[in-house]
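here's a sequence, model it:
(chains A and B)
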There are 2 protein chains.
Amino acid sequence: MIGEFELIERYLRPLAAGSPGAFALTDDAALLTPPPGRDIVITADAMVAGVHFLPDDPPDLVARKLLRVNLSDLAAMGATPIGYLITASWPQDIGQDGGEDWLASFTAGLAADQAEFEVGLLGGDTTRTPGPMVLSLTALGSVPGGRCLRRSTARDGDLVFVSGSIGDGALGLEVLRGGLTGLSPEHGASLVDRYRLPRPRLALGQCLLAEGLASAALDISDGLVADLGHIAGSSGLAATLEAPAVPLSPAAQAVLAAEPERLQQVITGGDDYELLFTAAPADSGALAALSDELGLPLTRIGVMSTGQGVRVRDATGAEMSLEHAGWTHF
Amino acid sequence: MIGEFELIERYLRPLAAGSPGAFALTDDAALLTPPPGRDIVITADAMVAGVHFLPDDPPDLVARKLLRVNLSDLAAMGATPIGYLITASWPQDIGQDGGEDWLASFTAGLAADQAEFEVGLLGGDTTRTPGPMVLSLTALGSVPGGRCLRRSTARDGDLVFVSGSIGDGALGLEVLRGGLTGLSPEHGASLVDRYRLPRPRLALGQCLLAEGLASAALDISDGLVADLGHIAGSSGLAATLEAPAVPLSPAAQAVLAAEPERLQQVITGGDDYELLFTAAPADSGALAALSDELGLPLTRIGVMSTGQGVRVRDATGAEMSLEHAGWTHF
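Reported below is the predicted structural model:
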């Protein structure tokens, strides 16, 4: 079995090569100098095998999802990523003699996303566990001094926007579970890809913050309805969601054409990692221009008002009743 | 069973009350403004039930050890703590109806140490796991711009010093395992206390950095011999350790008086969380004054020289052979 120091040396140290403050992972902690005039934004998320990912998911995609769900939190604050720390509790069979493929694939996934998102490994810890693999990642970014996007700052009359398309992650998980049949292979693969590989909307978050276009924002992980509820609740407002306006990918459209009742799953399923944000009606034009600039759909899906709670309206304007509001992590 | 949001609301949110940038744990990430002229130091360590702590250890002490092993890493860099994030993967029985005692005790432990070390909760994540509990903590501190203590900067001829006493943690674990008998109850309790409740030497680290007294430093977690090997190896030097000079608590002295062969366990057992550092011989007087000022023993235990590896000498000056160099986390 590979030892801890050998594992760090062979698989993790190369990931820290681009981060001078990581000291090649040889010291007790990393040193981080924030860019001049900027503050630090920091977030941490954990993933448990069998709970947040499937034990036979490709290791490189597990690694990239772990990094990306944290980068998505940075995106929701309008931050520019800097680096990350990882604590990994590996089961005994990871890194056994002749069986280091898992580690090699996992760290190759991290390396690929480090290049894509310009981040570096700063530190962490590796341990053994007799139970399922548990991976925890802490991501750091920076924002202009003292400023970031928040959830609690939506205003009465603001419009609700969402980036990209909704429901692909939840439907992708359903494909992997064998619960979605009759789908074309291309659509199935596209949904699975969106489940396994979130797209953190970093450029969007940074632009929304820099241009002052969003009054409140978060990234959708619990489900569109539940997360809209988080903005509404923390802002002391109510929200109305127009279900027919929710943007859908071609694959999700195909699913709903065959099984319209899956709309609930789409808007409550979670794992979207799109940005949900509120904006003044007067900024609609600027948001359309930003959407063009980024090549990313920004769709108006609702409105904030006085009151509390989230109402979801169907195509007739009638209020939909939902079986459950969204994913909780328990 | 208590839900995730209720658990955060009831047990974790109060821990973030003193950290404005934590936004009461309602946002996707925390905002951190480094003190003027200072940089960020960051470290992360994980603990697995049954591996790094005993499942029936008191929950408040598990929490405090988790925080303190990370604060000890900050101490080794000379940093002043700011705050921390925690990701906790709880087994199903934690927080069940009528059984929230574990959570209440765990968070009470964090609250006690937040007050003692002037740190606050900044964020994190809670998940469920079907396996043993896994706890990961990321600690942040600050150091004067660009400066921190390192492992790799020891110089030929430097003396080796250690704070406090060595071996209490390893012997305390042995007491809990029932492997140490014939010890007085007071000595047994004192060793167990040192195993369960490390003393991060933050004031010492900060003074060593501010006064330029240490040429290299780390905190002893793997074991005195192994960690001295880390300083020697990363500095490109050899180290000689004088075993009779290693400072021992009254309880450890009592153990060694009865079982002299346990000296190996004392110097290789780990879990000490004392600072091991190197210093120029000319700074011995300043270190004696610092020891008086802090009320903390600083004991000279060896010397750095050209070459490689760690030699341990016994009372006769003969080289001791060690069965194993120290604890690895696997």
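
any idea which residue of chain A lies closest to chain B?
residue A:131 (2.0 Å; CB to the nearest CB). Quick note: C-beta positions are derived from backbone N, CA and C, even for glycine.

give me the three-state assignment for that residue.
When classified by DSSP: H, G, I helix; E, B strand; the rest coil, residue A:131 comes out as coil.

ok, the closest residue to it other than its chain neighbours - contacts?
Among residues not flanking residue A:131 along the chain, residue B:131 sits closest, at 2.0 Å (CB to CB, 6 or more residues apart in numbering or on different chains). Each residue near residue B:131 by CB atoms under 8 Å, 6 or more residues apart in numbering or on different chains is listed here: A:48, A:129, A:130, A:131, A:132, A:134, B:89, B:91.

likewise for residue A:111?
A:14, A:15.

could you rerun that using 7 Å?
Counting by CB atoms under 7 Å, 6 or more residues apart in numbering or on different chains, residue A:111 makes contact with residue A:15.

for residue A:253, same thing?
So residue A:253 contacts nothing (CB under 7 Å, 6+ apart).

tell me which helix or strand it sits in.
Assigned by DSSP states H and E, residue A:253 belongs to helix A:250-258.

any chance you could map the strands in chain A?
For chain A, applying DSSP state E gives strands covering A:30-32, A:38-48, A:80-90, A:120-128, A:134-144, A:159-163, A:216-219, A:238-242, A:275-279, A:298-305, A:309-313.

rewinding a little: among the contacts of residue B:131, who's most crowded?
residue B:89 (33 neighbours; other CB atoms under 10 Å in any protein chain shown).

which one of the strands of chain A lies closest to residue B:122?
strand A:38-48 (6.4 Å; CB to CB).

please name every helix or strand in contact with that closest one.
helix A:59-77, strand A:134-144, strand B:30-32, strand B:80-90, strand B:120-128 (3 or more CB pairs under 7 Å, 6 or more residues apart in numbering or on different chains; DSSP states H and E).

quick one, the last one and strand B:134-144 angle?
Inter-element angle recorded for strand B:120-128 and strand B:134-144: 160 degrees (by axes from the mean of the first three to the mean of the last three CA atoms, to 10 degrees).

residue A:125 contacts residue A:86, doesn't it?
No. Between residue A:125 and residue A:86 there is no contact, the gap being 8.2 Å when judged by CB atoms under 7 Å.

walk me through the domains of chain A.
Annotated domains of chain A cover A:4-144, A:159-313 [automatic domain parsing].

closest to residue B:288 out of those?
Nearest to residue B:288 among those is domain A:4-144 (25.2 Å), distances taken as CB to CB.

now do that closest one: distance from first to last residue.
39 Å (CA to CA, to the nearest Å).

from residue B:53, how far out is the residue nearest to residue A:131?
Using CB to CB, to the nearest Å, one gets 15 Å for the distance from residue B:131 to residue B:53.

who wins for proximity to residue B:295 among the strands of chain A?
Here strand A:30-32 is closest among these (CB to CB), at 29.2 Å.

quick one: is that closest one near chain B?
Yes. Strand A:30-32 lies within reach of chain B by CB under 7 Å from any CB of the partner chain, at A:30, A:31, A:32.

please report the number of neighbouring residues for the residue lying closest to the second one once chain neighbours are set aside.
Spatial nearest neighbour of residue A:31, chain neighbours left out: residue A:21 (4.0 Å); criterion: CB to CB, 6+ apart. Residue A:21 has 22 neighbouring residues, counting by other CB under 10 Å.

same check, this time on the one 5 residues further on
Burial of residue A:26, expressed as a neighbour count using other CB under 10 Å, amounts to 17.

for it, grab phi and psi.
As for residue A:26, its main-chain torsions (degrees, to the nearest 10) stand at phi -90, psi -10.

can I get the contacts of residue B:131 in JSON lines including pLDDT and distance to residue A:313?
Below are the contacts of residue B:131 laid out as JSON lines (pLDDT from 0 to 100; distance: CB to CB, whole Å):
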{"residue": "A:48", "pLDDT": "96", "distance to residue A:313": "36"}
{"residue": "A:129", "pLDDT": "94", "distance to residue A:313": "47"}
{"residue": "A:130", "pLDDT": "93", "distance to residue A:313": "50"}
{"residue": "A:131", "pLDDT": "93", "distance to residue A:313": "44"}
{"residue": "A:132", "pLDDT": "95", "distance to residue A:313": "41"}
{"residue": "A:134", "pLDDT": "97", "distance to residue A:313": "41"}
{"residue": "B:89", "pLDDT": "95", "distance to residue A:313": "38"}
{"residue": "B:91", "pLDDT": "91", "distance to residue A:313": "41"}
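
closest to residue A:285 out of the residues you listed?
Distance to residue A:285 across those (CB to CB) is lowest for residue A:48, with 44.2 Å.

just the helices in the stretch 151-300 of chain A please.
A:168-176, A:185-196, A:202-210, A:224-235, A:250-258, A:263-268, A:284-294 (DSSP state H, counting those that start in this stretch).

looking at those helices, which is nearest to residue B:289?
Closest to residue B:289 of those, according to CB to CB: helix A:202-210, at 50.0 Å.
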